[in-house]
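# pasting the sequence and the predicted coordinates here, then a few questions.
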Amino acid sequence: MDHARFDELKDAYVLGALPERERRELEEYLAAHPERQAEIEELSSVASLLALSPPEQPPPPELRRNIMSVVASEAQRPPTRTWLSGITELLSVKNLALGAAAVLVIGLFVWNLLLQEQVQDLQGEVASLQDSQESRMVALAGTGAAQQAQVEVMIVEDHKPVLMAEDMPRVPENKTYQIWVIEGDVPQPSGLFEPDADTVAVVVKKPLDKGDVIAITIEPDGGSKQPTTDPMLTAKL
Amino acid sequence: MVDPRKKYLLLADEDLISLVAGERDAEAFAALYDRHGRAAYSLSYRMMGEKQAAEDLVQDAFLKVWRGAGSYRTERGSVRTWILSIVHNRGIDQLRSTASRRRTQDRVEASAPTSQPSEAFAEAWRNSQREQVRAALGTLPKEQLKILELAYFSGYTHVEISELLDLPLGTVKGRMRLGLKKIRDYFDSQDVAVPR
């Protein structure tokens, strides 16, 4: 796609009126030319005004009840997302450690009561591990074609961070997404991924500390030593 | 004693959405629904064309708001615009994944004389922003408005609109461009920023 083609298609794009192939083509162009993003944002804000134009229809009261009953039931559970829960379980060595500790306690008790003191020490370590296993999620803010993407990085103490991306635009041919961890002003290559499905999870190869920035750029296949394009998504820790 | 729910009435949308994202606060979410449920349902009904499908779409969209509140970014626009964009995007997906009756109906309507924009937007408007939008759309020639509506509300691609209206594809693209430009020009002429 060239500039003229972009200009020809951008209005249909913001109205959601491009066929899939052209939409992908335009988004690939946009990913490679982030300087055109402002035009798309401005046009999108004009197109979105159409949402306010339909005649008003009062929603039926049962609709509110139905929505709120789902919300009330979910509000009582800790926040989970289906694709996230699997990863959380994978990372949840805490439970494994607790189970192992319990087995060990029983074994030690049976074999030698004199070892009780050591068992207590071990239990103390498990409790400490439990305390240190706090995790947190940090959302990355997207620009350009990645605006609609939902990307978060999960940071669990003593484990490598995991980046989870949903609804990322496809990368152009022979390109890949590259993750960067920026300590001070130095970007460190921290992993590659391609969104071949709606949702992707990838381990971030560098640890993340307070004050670091995590960013995602588009790079040639195989990745780069230094970023060669502007970041599409970033978050500061 | 002050009803704790009243505090939500005083909070800005951005505060409510961060309570939903951070605290999973169901009352904050209910306040958002009460503010924007009507606009969402109106858009949904316009797109889906019947009650049950409109309700399903709004429920689907608001549950996405509930579960994905953390992905809202103020720099992308207002909370209302964000919620309506979720309704719109999911509505388009549904329209394109099913051969809906509504789209068939559009085929019939597309060949019939189109009503004047002033008649199409004769409803009472909730607030001044809606009135501005109505006025802006009222400046569009009916052929431009029709094409914007077929694209935005019915999920037709520009190629489909060209076939539906028996117009060259270049004409459809041109009318889309002029229609959007006219809306923007209206706000410029009023010295008012395009609502976000």
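Sure thing, it's come through. Numbering: from 1, shown residues only, chains lettered A, B, ... in the order given.
# ok, now which ones touch B:Phe29?
Listed by CB atoms under 8 Å, 6 or more residues apart in numbering or on different chains, the contact set of B:Phe29 reads A:Met68, A:Val71, B:Leu16, B:Val20, B:Val65, B:Trp66, B:Ala69. For every residue, glycine as well, the C-beta is placed using N, CA and C.
# got the phi and psi for it?
phi -60, psi -40 (degrees, to the nearest 10).
# what's around the closest residue in space to it that isn't next to it in sequence, how many residues?
In space, and not counting its chain neighbours, B:Phe29 is closest to B:Val20: 4.9 Å by CB to CB, 6 or more residues apart in numbering or on different chains. B:Val20 has 26 neighbours, counted by other CB atoms under 10 Å in any protein chain shown.
# what do you get for A:Phe193?
18.
# doesn't A:Thr176 make contact with it?
Yes - the pair A:Phe193 and A:Thr176 passes the contact test of CB atoms under 8 Å, sitting 7.2 Å apart.
# count of residues packed around A:Ile217?
No, residue A:217 isn't Ile; it's Thr. 23.
# am I right that it is in a strand?
Yes - under DSSP: H, G, I helix; E, B strand; the rest coil, A:Thr217 falls within a strand.
# which residues does it bridge with?
Beta-bridge partners for A:Thr217, by DSSP bridges, are A:Gln178.
# quick one, what contacts it?
A:Thr217 neighbours (CB under 8 Å, 6+ apart): A:Tyr177, A:Gln178, A:Trp180, A:Pro227, A:Thr228, A:Thr229, A:Asp230, A:Pro231, A:Met232.
# now swap in A:Lys160 and tell me
A:Val203, A:Val204, A:Lys205, A:Pro207.
# the second one: neighbour count?
Meaning A:Val204. Using other CB under 10 Å: A:Val204 sits among 19 other residues.
# so the residue nearest to B:Phe29: helix, strand or coil?
Going by three-state DSSP: B:Val20 is helix.
# care to break chain B down by domain?
B:8-98, B:100-196 (automatic domain parsing).
# just those domains: most buried one?
domain B:8-98 (a mean of 19; mean count of other CB atoms under 10 Å in any protein chain shown).
# lowest-pLDDT helix or strand in chain A?
helix A:82-91 (a mean of 44; mean pLDDT, DSSP states H and E).
# meant to ask about chain B, not that
helix B:117-120 (a mean of 36).
# for A:Ala47, which of the domains of chain B is the nearest?
domain B:100-196 (6.3 Å; CB to CB).
# if we can go back for a sec, among the domains of chain B, which gets the worst mean confidence?
Lowest mean pLDDT within the domains of chain B: domain B:100-196, at a mean of 76.
# now the domains of chain B in JSON lines, with distance to A:Leu237?
Formatted as JSON lines, those follow (distance: least, CB to CB, whole Å):
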{"stretch": "domain B:8-98", "distance to A:Leu237": "16"}
{"stretch": "domain B:100-196", "distance to A:Leu237": "29"}
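# out of those, which is closest to A:Asp167?
It's domain B:8-98; of those, that one is closest to A:Asp167 (CB to CB) at 9.3 Å.
# do me a favour and average the pLDDT over the host helix or strand of A:Ser190.
Counting by DSSP states H and E, the element that carries A:Ser190 is strand A:186-193. When pLDDT is averaged along strand A:186-193, the result is 88.
# other SSEs contacting that strand?
On a contact count with 3 or more CB pairs under 8 Å, 6 or more residues apart in numbering or on different chains; DSSP states H and E, strand A:186-193 meets strand A:162-166, strand A:175-183, strand A:199-203, strand A:213-220.
# buried ones in that strand?
By neighbour count with 16 or more other CB atoms under 10 Å in any protein chain shown, strand A:186-193 contains the buried residues A:Pro187, A:Pro189, A:Ser190, A:Gly191, A:Leu192, A:Phe193.
# same thing with stretch A:23-40?
For stretch A:23-40, using 16+ other CB under 10 Å, the buried residues are A:23, A:25-32, A:34, A:36-37, A:40.
# and the contacts of B:Phe29 as TSV, adding secondary structure and distance to A:Asp167?
What follows is these, written out as TSV (DSSP: H, G, I helix; E, B strand; the rest coil; distance: CB to CB, whole Å):
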residue	secondary structure	distance to A:Asp167
A:Met68	helix	26
A:Val71	helix	22
B:Leu16	helix	24
B:Val20	helix	20
B:Val65	helix	15
B:Trp66	helix	17
B:Ala69	helix	16
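# next up, identify which helix or strand residue 28 is on.
Just so you know, I chose chain A. Per DSSP H and E: helix A:20-32 holds A:Glu28.
# try again with chain B
helix B:26-48.
# with A:Thr229 instead?
Here A:Thr229 is assigned to no helix or strand, by DSSP H and E.
# for A:Met137, give me its contacts.
A:Glu152, A:Val153, A:Met154, A:Ile155, B:Gly70.
# of these, which pair is most distant in space?
A:Ile155 and B:Gly70 (14.8 Å).
# a helix runs through B:Tyr186, doesn't it?
Yes - counting by three-state DSSP, B:Tyr186 falls inside a helix.
# that one contacts B:Arg134, correct?
No - assessed by CB under 8 Å, B:Tyr186 is found out of contact with B:Arg134, at 10.6 Å.
# can you work out which residues contact both of those two?
Common neighbours of B:Tyr186 and B:Arg134 (CB under 8 Å, 6+ apart) do not exist.
# contacting residues around the residue nearest to B:Ser18 when sequence neighbours are not counted?
In space, B:Ser18 comes closest to B:Ala69 once its chain neighbours are excluded; the distance is 7.7 Å by CB to CB, 6+ apart. B:Ala69 makes contact with B:Ile17, B:Ser18, B:Val20, B:Ala21, B:Phe29, according to CB under 8 Å, 6+ apart.
# and for A:Val186?
Contacts of A:Val186 by CB under 8 Å, 6+ apart: none found.
# any idea how far it lies from chain B?
27 Å (CB to the nearest CB, to the nearest Å).
# ok, what's across the strand from that residue?
A:Glu183.
# any idea of the pLDDT on A:Asn112?
pLDDT, A:Asn112: 59.
# for A:Gly124, that is, sorry about that
For A:Gly124, pLDDT reads 51.
# tell me where the model's unsure across chain A.
A:77-135, A:196-198 (pLDDT under 70).
# residue contacts, A:Ala75?
Counting by CB under 8 Å, 6+ apart, the residues that A:Ala75 touches are B:Arg24, B:Asp25, B:Ala26.
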